[in-house]
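sequence below, structure please.
(2 chains)
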Amino acid sequence: MKFLRDTWLIFQRQMMLVLRNPVWLIVGVIQPLYYLLLFGPLLKPALKPMGATTDAQVYQIFVPGVLVMLAIFGTFFVGFALIAELRAGVIERSRVTPVSRLALLLGRSLRDVVSLLVQCVIITLLSIPFGLKVQLGNVLLAYLLLGLIALMLSALSYGIALKLRSEDALAPLLNTVGQPILLLSGILLPLMYAPGWLKGISKWNPFSWAVDAARALFDGHPGDASVWKALLILGVLTVAAVTWAARSFARSIR
Amino acid sequence: MIETSGLRKSFRARKGTVDAVRGVDLKVREGEIFGFLGPNGAGKTTTLRMLATLIVPDGGEATIAGADLRRNPGEVRRRIGYVAQGLSTWDTVTAREELVLQARLYGIAKSRARELAARAIGSFQLTEFADRKCQTYSGGQRRRVDVALGIIHEPKVVFLDEPTTGLDPQSRAHMWDEVRRLRGEGMTVFITTHYLEEADALCDRVAIMDHGEIVTEGTPDDLKREVAGDVVTVGVNGAAPRAAQLLGDQPYVRQLETTEDGLRLYVDTGATAIPHILRTLDGAGVGLASIELHRPSLDDVFLTKTGRSLREE
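Coordinates of the predicted model:
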């Protein structure tokens, strides 16, 4: 009970800060919008082999990928905020209280998940005029997938930030890890054009499974094998990431 | 209220280990303001952070407000307050919001947390700005909010790590009043400082720390009395080495320290020593810029115990 109450307290405070200064929430929506407006149209010829001949069909394939990209890049960099809080002494002040250490992590990660889902809903709604069609049940399942990605990456980002404690070390590390994840996920161009070895590597990228699953869901195939596989893979990874981050919170914040 | 024995802590650094605290034995009584005086790097903050459960001691024992530090840090945490050396507020929230949240992190219910916040705002005189964002506060105002946050849950003991460092004299005086008020309310206050005047004026008892060890401990008056006699400072305009040579052997000089522009002499009785000093220097042709007689200060205590002046920082 105490843990839930503490998590709620931290979540509430963090959410209040987001709402008080929603600039980042809005910036987070603008970036994928650029991709939809300025990159989506380029994909039409490239997506022809996947059966996309109209603009609407292109967006049907591209939007779920953009949402996964938003989930990755919207949450992987949240560690910066934690470093700012460490520097301001806010974390130290929480440390001297008996507040649950796991709550300090989860309250923040849940804030990230909620902000991401709000952004995803905005992007989905804005894609409807472009011809996107998706069933409510399927889109909710896709959001569950995106929520898992957000929870995993934000926990990971906080855990790493706590170890590095410096923006100068965090930025290059996150970029070095983030870029190949994006390129190997088949978001920007489908991996069907990739040479065999590249396809082989991408099979090991959990986010390429997520992209496949999100596309299957937006295409109206919740029974597709990629869906349960992605949910399982990401579920396991999320539990692992949260456990690891929680431990490093418990250890270094004690 | 606080009792420690053999408390120690070393850190691994690039060049081997640093023994930050090497066996601290302390006894702090209930309801007193206890001062921890020492230069930067003496181990004051490390000791404080150990007592506040923020770092684990390598060895030693401590009991704080009746709870055992090693065996039950959670209970210690509930009974103490801690105000770190740096700031602790977030720019874009108000002092009131911070106070309410802090109280709630201690497990206090919402309505009670609001009451406590309102009370702290009144007693720390934060009313004027408590509903503005923290980024608009002055240094002194922000520091007062830090202390208010540290005692919001009404602890028995509060640790204040250099609460007045960087404050202007007026804000410092204001902070002293707050600390005395906390004592008046029955709280035990454990404060670190590297300001001698502060330790002298504010603290009921003082421990002087240097190189990770407690050098001496007592009331400021007792400590000063230990440095028996008077202190004579002599300004000699660059002729300090010569003057030291001349006066070093004199029987009435108990101890002698060379300072920037002259000497500091510890003598039994200033009134009889001064004519001798004048005669000796005059006889050797050393020109005298100034001569002053005063009672020993805590700096003199520090100087006689460690051979260094705290003011030379």
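
isn't A:Val211 right up against A:Ala71?
No. Between A:Val211 and A:Ala71 there is no contact under Cβ atoms under 8 Å: 10.3 Å. Just so you know, the C-beta spots here come from the backbone N, C-alpha and C atoms, and that holds for glycine as well.

more neighbours: which of the two?
A count of neighbours by other Cβ atoms under 10 Å in any protein chain shown puts A:Ala71 above the other of A:Val211 and A:Ala71, at 30 against 26.

the more buried one: what's it in contact with?
Under the criterion of Cβ atoms under 8 Å, 6 or more residues apart in numbering or on different chains, the neighbours of A:Ala71 are A:Leu116, A:Cys120, A:Leu146, A:Ile149, A:Ala150, A:Leu153.

so which of these are also by chain B?
Applying Cβ under 8 Å from any Cβ of the partner chain to these, one finds that nothing falls near chain B.

give me the buried positions along the helix or strand harbouring A:Val68.
Secondary structure from DSSP states H and E places A:Val68 in helix A:55-75. Neighbour-count burial for helix A:55-75 flags A:57-75 (criterion: 16 or more other Cβ atoms under 10 Å in any protein chain shown).

export that helix as CSV, just CAs?
Written as CSV, here are the backbone C-alpha positions of helix A:55-75 (Å, rounded to 0.1, in the frame of the first residue of the first chain):
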residue,chain,number,x,y,z
ASP,A,55,-1.5,7.4,-49.9
ALA,A,56,-3.9,6.0,-47.3
GLN,A,57,-2.2,2.6,-47.6
VAL,A,58,1.2,4.2,-47.2
TYR,A,59,0.1,5.8,-43.9
GLN,A,60,-1.4,2.5,-42.8
ILE,A,61,2.1,1.1,-42.9
PHE,A,62,4.1,4.2,-41.9
VAL,A,63,2.0,5.5,-38.9
PRO,A,64,2.6,2.5,-36.6
GLY,A,65,6.3,2.7,-37.4
VAL,A,66,6.3,6.4,-36.5
LEU,A,67,4.5,5.6,-33.2
VAL,A,68,7.2,3.1,-32.3
MET,A,69,9.9,5.6,-33.2
LEU,A,70,8.1,8.2,-31.0
ALA,A,71,8.0,5.6,-28.2
ILE,A,72,11.8,5.0,-28.5
PHE,A,73,13.0,8.5,-28.8
GLY,A,74,10.4,10.1,-26.6
THR,A,75,11.4,8.0,-23.6
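
contact partners of stretch B:105-115?
Here stretch B:105-115 makes contact (Cβ under 8 Å, 6+ apart) with A:2, A:6, A:9, A:94, A:97-99, B:78, B:99-100, B:103-104, B:116, B:152-153.

pull out the buried members of those.
Taking 16+ other Cβ under 10 Å as the criterion, what is buried in those is A:6, A:9, A:94, A:97-99, B:78, B:99-100, B:103-104, B:116, B:152-153.

which stretches in chain A count as strands?
With DSSP state E, there are no strands along chain A.

near chain B, which residues of it?
Within chain A, the residues that sit near chain B (Cβ under 8 Å from any Cβ) are A:2, A:6, A:9, A:13, A:16-17, A:20-21, A:85, A:88-90, A:92-99, A:254.

B:Arg70: neighbour count?
13.

quick one: which helix or strand includes it?
B:Arg70 belongs to no helix or strand when elements are defined using DSSP H and E.

could I get the phi/psi values of it?
phi -80, psi -40 (degrees, to the nearest 10).

quick one, what contacts it?
B:Pro57, B:Glu61, B:Ala62.

what about 7 Å?
By Cβ atoms under 7 Å, 6 or more residues apart in numbering or on different chains, the contact list for B:Arg70 reads B:Glu61.

pLDDT score assigned to it?
The model reports B:Arg70 with a pLDDT of 90.

next one: B:Arg311
64.

name the residues of chain B found near chain A, please.
Residues of chain B lying close to chain A (Cβ under 7 Å from any Cβ of the partner chain) are B:52, B:54, B:74, B:77-78, B:82, B:84, B:86-88, B:90, B:92, B:101-102, B:104-107, B:149.

among those, which ones are in helices?
If you go by DSSP state H, these have B:Gly74, B:Arg77, B:Arg78, B:Leu101, B:Gln102, B:Arg104, B:Leu105, B:Leu149 in helices.

quick one: the fifth one and B:Ile151 touch, right?
Right, B:Gln102. No. Applying Cβ atoms under 7 Å, one finds B:Gln102 not in contact with B:Ile151, separated by 9.9 Å.

out of the two, which sits in the busier spot?
Neighbours around B:Gln102 and B:Ile151, counted as other Cβ under 10 Å, are more numerous at B:Gln102. The numbers are 28 against 25.

contact partners for the more buried one?
By Cβ under 7 Å, 6+ apart, the contact list for B:Gln102 reads A:Arg93, B:Leu149, B:Ile152.

chain neighbours aside, what residue packs nearest to the second one?
In space, B:Leu149 comes closest to B:Gln102 once its chain neighbours are excluded; the distance is 4.9 Å by Cβ to Cβ, 6 or more residues apart in numbering or on different chains.

what pLDDT does that neighbour get?
On pLDDT, B:Gln102 comes in at 95.

so how far is B:Met175 from it?
For B:Gln102, the distance to B:Met175 equals 19 Å [Cβ to Cβ, to the nearest Å].

one more: A:Ser248?
Taking Cβ to Cβ, one finds A:Ser248 at 36 Å from B:Met175.

again with A:Pro172
With the distance defined as Cβ to Cβ, A:Pro172 ends up 42 Å from B:Met175.

looking at those two, which is more packed in?
Neighbour tally, A:Pro172 and B:Met175, criterion other Cβ under 10 Å: the higher count belongs to B:Met175, 21 against 9.
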